[in-house]
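sequence first, predicted coordinates after that:
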Amino acid sequence: MKPYSEMTKEELQQLQQELKAQYKEYKGRKLNLNMARGKPGQDQLNLSMEMMDVLSSDSDLTCEDGTDCRNYGVLDGIDEAKELMADMMEVRPDQIMVYGNSSLNVMYDTVSRSMTHGVMGSTPWCRLDKVKFLCPVPGYDRHFAITEYFGIEMINIPMGPTGPDMDLVEELVAGDASIKGIWCVPKYSNPLGISYSDETVRRFADSRKAIPSPSTRA
């Protein structure tokens, strides 16, 4: 189909009528769908039921390093959890940090603290004239809602089979100091299930060399 910008007025009107008819047909089906993204089905939830029986009052709750798992204070996560996640994510355990069960809470907290206190000694974002974020699209609406909530300008970055368009990412970051971050889900990125290629990850790592340190960058 031609892009809308290349269609004539008559073509656009014809397409509008076709889409309205299609929409009316869908409405006529009286569907009641839960469109919440990422919710497991009942059969998937049942797969983990046996986990509910693993622990009991006489279970050993002590880590290999002697940490009592019933307590708190291990800020970056217990070693056994890191080893489990590292195997799934194909990285080293020392590259893992374990937080709570909601990544969105961690992301929101990170952006919030950056707004009020800055990052590693840099100017708090709330004191800057403009703050921008790169947003790979299609992406995850709840990530974008965080930046929208704080009034951060969002810049669309097209997604391909290997991840974000890195040519555009590198060009924008090199020329605009008000860009402070990018929303990334490197493994099985929503909604298309794209995984970032090794080359994309290397380019992300190399792009840091061109970014001033927090002490020199507002």
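Received it, and whenever you're ready, just let me know what you need.

now do the SS call for N32.
State at N32, reduced to three classes by DSSP: H, G, I helix; E, B strand; the rest coil: coil.

what number of residues lie near it?
Residues lying near N32 (other C-beta atoms under 10 Å) number 5. No exception for glycine: its C-beta is placed from N, CA and C like everyone else's.

show me the shaky parts of the chain.
Scanning the chain for pLDDT under 70 picks out the ranges 36-38, 208-218.

residue ranges of the strands in it, please?
Counting by DSSP state E, residue ranges of the strands within the chain are 132-137, 153-160, 163-164, 179-182.

can you list the strands that the shortest one pairs with?
Strands adjacent to strand 163-164 in the sheet, as given by DSSP bridges, are strand 153-160 (antiparallel).

send me the strand it pairs with as CSV with only the CA atoms.
Provided in CSV are the C-alpha atoms of strand 153-160 (Å, rounded to 0.1, in the frame of the first residue of the first chain):
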residue,chain,number,x,y,z
GLU,A,153,10.5,14.8,24.6
MET,A,154,10.5,11.5,22.8
ILE,A,155,12.2,10.8,19.5
ASN,A,156,11.1,7.8,17.4
ILE,A,157,13.9,5.4,16.3
PRO,A,158,12.9,2.8,13.7
MET,A,159,13.4,-0.9,14.7
GLY,A,160,14.8,-3.4,12.3
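
just give the closest residue to M97, not the sequence neighbours.
Sequence neighbours aside, D76 is the residue nearest to M97 in space, at 4.7 Å (criterion: C-beta to C-beta, 6 or more residues apart in numbering).

restricting to C-alpha, output the lengthiest helix in the chain in PDB.
What stands out as the longest helix in the chain, according to DSSP state H, is helix 9-27. Provided in PDB are the C-alpha atoms of helix 9-27 (Å, rounded to 0.1, in the frame of the first residue of the first chain):
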ATOM      1  CA  LYS A   9      -7.600  12.900  -1.800                       C
ATOM      2  CA  GLU A  10      -9.900  10.500  -3.600                       C
ATOM      3  CA  GLU A  11      -7.700   7.500  -2.600                       C
ATOM      4  CA  LEU A  12      -7.600   8.600   1.000                       C
ATOM      5  CA  GLN A  13     -11.400   8.900   1.100                       C
ATOM      6  CA  GLN A  14     -11.800   5.500  -0.500                       C
ATOM      7  CA  LEU A  15      -9.400   4.000   2.100                       C
ATOM      8  CA  GLN A  16     -11.300   5.700   4.900                       C
ATOM      9  CA  GLN A  17     -14.600   4.200   3.800                       C
ATOM     10  CA  GLU A  18     -13.000   0.700   3.600                       C
ATOM     11  CA  LEU A  19     -11.500   1.000   7.000                       C
ATOM     12  CA  LYS A  20     -14.700   2.200   8.500                       C
ATOM     13  CA  ALA A  21     -16.500  -0.800   7.000                       C
ATOM     14  CA  GLN A  22     -13.900  -3.100   8.400                       C
ATOM     15  CA  TYR A  23     -14.200  -1.500  11.800                       C
ATOM     16  CA  LYS A  24     -18.000  -1.800  11.800                       C
ATOM     17  CA  GLU A  25     -17.600  -5.500  10.900                       C
ATOM     18  CA  TYR A  26     -15.300  -6.000  13.900                       C
ATOM     19  CA  LYS A  27     -17.700  -4.200  16.200                       C
END
